[in-house]
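> this one's sequence-less:
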C-alpha cells in the first residue's frame, strides 16, 4: 500500500470517528468503498455520503477533529482536508439527494482499523457510470473495479439505473465483451 493510501485510511478513520461522535448518519462511497469491498486501492480522495441537512454539521464535526473546510464551486457537496487528503461530503451526487433510504443500503464493513457503513458495489458503480460524459469518459479505473467486484454487482440494476446514458451503455458493452458480466437476455438496438 502506498503512503497516499495509508493517509486516506487514516483520514477515513478520523472521519468515521468524528461523524459517529456527533451521530451524523453517513456512508462510504467512491473509490474507498470499492477498496473496502475488495477492489483496487484508490489514491484520490474519501467520498462520504451525507444527507443535505447534515452536511454543514458534518463539516463542523470534521473541522473540530482538526480538518480544514474548503469552499467548493459545486452546489452538491462540501469539502474538507485532512492535511493533503481530500474528503468530499456528497449530499446530492448526480443530482440525486442522499436520503435515509440511500444510507440504509450501506453495510457495516471493516476498512483499515475502523468499521463503518459502506455503500454496495452496485450503488457505487451506478454513481461512477452516471458521472461519465463527453469530457469524462475514462474507463481505466472502472474496468479493474468491475473485474474485482463483478460478483457483488447487480448488473441488471446497473443497466436499468443507467439506461439513459450512452457512456454507461458503452461501458456495459465493453464489460460484456470482456466476459465480466452476463449478457442481457435481449439487447435493444437504438
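Ah, there it is. Model, not experiment: these values are computed from the prediction.
> give the buried residues for the longest helix belonging to the chain.
For the chain, the longest helix by residue count, based on DSSP state H, is helix 3-21. By 16 or more other C-beta atoms under 10 Å, the buried positions in helix 3-21 come out as 7-12, 14-16, 18-19. In short, each C-beta sits where N, CA and C put it, glycine included.
> ok now stretch 13-22, how far from the chain's centre?
Centroid displacement of stretch 13-22 relative to its chain, using C-alpha atoms, centre = their mean, to the nearest Å, is 18 Å.
> which residues sit against that stretch?
Under the criterion C-beta atoms under 8 Å, 6 or more residues apart in numbering, residues 26, 46, 48, 50, 57-58, 61-62, 64-67, 82, 87, 112-114, 116 lie in contact with stretch 13-22.
> nearest to residue 139 among the buried residues of helix 3-21?
Checking the buried residues of helix 3-21 against residue 139 with C-beta to C-beta, the nearest one is residue 8 at 22.5 Å.
> hang on, that closest one packs against residue 36?
No. With contact defined as C-beta atoms under 8 Å, residue 8 and residue 36 do not form a contacting pair (11.3 Å).
> and the helices in the chain?
Remark: helices assigned in the chain by DSSP H are 3-21, 30-36, 52-64, 100-104, 121-131, 142-149, 155-161, 166-177.
> what's the closest of those helices to residue 78?
helix 52-64 (5.2 Å).
> packing partners of the closest one?
helix 3-21, strand 68-70, strand 77-82, strand 85-90 (3 or more C-beta pairs under 8 Å, 6 or more residues apart in numbering; DSSP states H and E).
> and the angle for that helix with helix 3-21?
120 degrees (axes from the mean of the first three to the mean of the last three C-alpha atoms, to 10 degrees).
> figure out how far helix 52-64 is from the centre of its chain.
19 Å.
> shift numbering so it begins at 785
Renumbered: residue one is now 785, and that last one reads helix 836-848.
> what's in contact with that helix?
Against helix 836-848 from outside (C-beta under 8 Å, 6+ apart): 798-799, 802-803, 805-806, 808-810, 832, 834, 853, 861-862, 864, 866, 871, 873, 875-876, 881-882.
> mind doing that once more with 7 Å?
799, 802-803, 806, 808-809, 834, 853, 862, 864, 871, 873, 875-876, 881 (C-beta atoms under 7 Å, 6 or more residues apart in numbering).
> ok, so of these, who is nearest residue 950?
Nearest to residue 950 among the contacts of helix 836-848, with distances taken as C-beta to C-beta, is residue 876, at 23.0 Å.
> surely that closest one touches residue 883?
No. Using C-beta atoms under 7 Å, residue 876 is not in contact with residue 883, being 10.4 Å away.
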